[in-house]
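Peer 1: heads up, no residue letters with this:
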């Protein structure tokens with residue numbers, strides 16, 4: 001997209017692709033599944049024109065950002081660590097956070113684990129759902145939404161991944 005700059009930043013042990021435009025306070029945009037930074041292309045232009053530094057990464061495992069092989073490299077601690085390192089690489093000031101879908105879930109974790117890194121959070125489409133004390137997140141989603149729910153449909157058992 002015209003006027004949007006792309007670069008790679010080393011964060012939390014991986015190379016992360018970011019798209020950015022503008023100067024001023026940072027708005028960090030987090031995409032959903034199965035999306036990329038491109039989801040935010042219109043918002044990047046609009047908010048950069050209003051005086052913000054807009055940054056939209058490809059999250060861990062997406063697009064031009066590294067995708068570690070091990071499924072254990074995708075915990076909430078890893079993805080939040082990526083964002084903390086990204087924010088720190090841009091000066092460390094708290095950011096305005098805007099997130100959608102899968103990115104919104106990550107956004108909630110960033111707000112809980114590192115609230116000093118977020119000035120304000122606009123969550124689009126995914127409310128905060130506290131973890132069920134006796135069920136894992138995917139089990140909970142299967143129970144409430146069924147096996148065909150999009151987040152359940154793409155799960156792979158660790159046991160299966162060792163054999164195929």
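Peer 2: That came through fine. The structure displayed is predicted, hence computed values, not measured ones. Numbering: from 1, shown residues only.
Peer 1: alpha carbons only for contacts and neighbour counts from here, please
Peer 2: Will do.
Peer 1: quick check: mean pLDDT across the longest helix anywhere in the chain?
Peer 2: Counting by DSSP state H, the longest helix found in the chain is helix 76-89. Helix 76-89 shows a mean pLDDT of 97 in the predicted model.
Peer 1: wait, what's in contact with the residue nearest the centre of the chain?
Peer 2: By C-alpha atoms, centre = their mean, the chain has its centre lying nearest to residue 103, at 3.9 Å. Counting by C-alpha atoms under 8 Å, 6 or more residues apart in numbering, residue 103 touches 30, 31, 32, 33.
Peer 1: lowest pLDDT pick from these?
Peer 2: residue 33 (89).
Peer 1: just checking, that residue touches residue 102?
Peer 2: Yes. Residue 33 is within contact range of residue 102, at 5.6 Å (criterion: C-alpha atoms under 8 Å).
Peer 1: flag the shaky bits of the protein, pLDDT-wise.
Peer 2: Along the chain, the model assigns pLDDT under 70 to residues 1, 156-164.
Peer 1: quick one: the strands in it?
Peer 2: 5-11, 14-21, 26-30, 53-57, 95-100, 118-124 (DSSP state E).
Peer 1: any chance of those in a markdown table with mean neighbour count and distance to residue 85 as columns?
Peer 2: Below are the strands of the chain laid out as a markdown table (neighbours: other C-alpha atoms under 10 Å; distance: least, C-alpha to C-alpha, whole Å):
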| stretch | mean neighbour count | distance to residue 85 |
| --- | --- | --- |
| strand 5-11 | 15 | 5 |
| strand 14-21 | 21 | 10 |
| strand 26-30 | 26 | 13 |
| strand 53-57 | 26 | 12 |
| strand 95-100 | 22 | 13 |
| strand 118-124 | 16 | 13 |
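Peer 1: walk me through the domains of the protein.
Peer 2: According to automatic domain parsing, the chain comprises the domains 5-128, 129-164.
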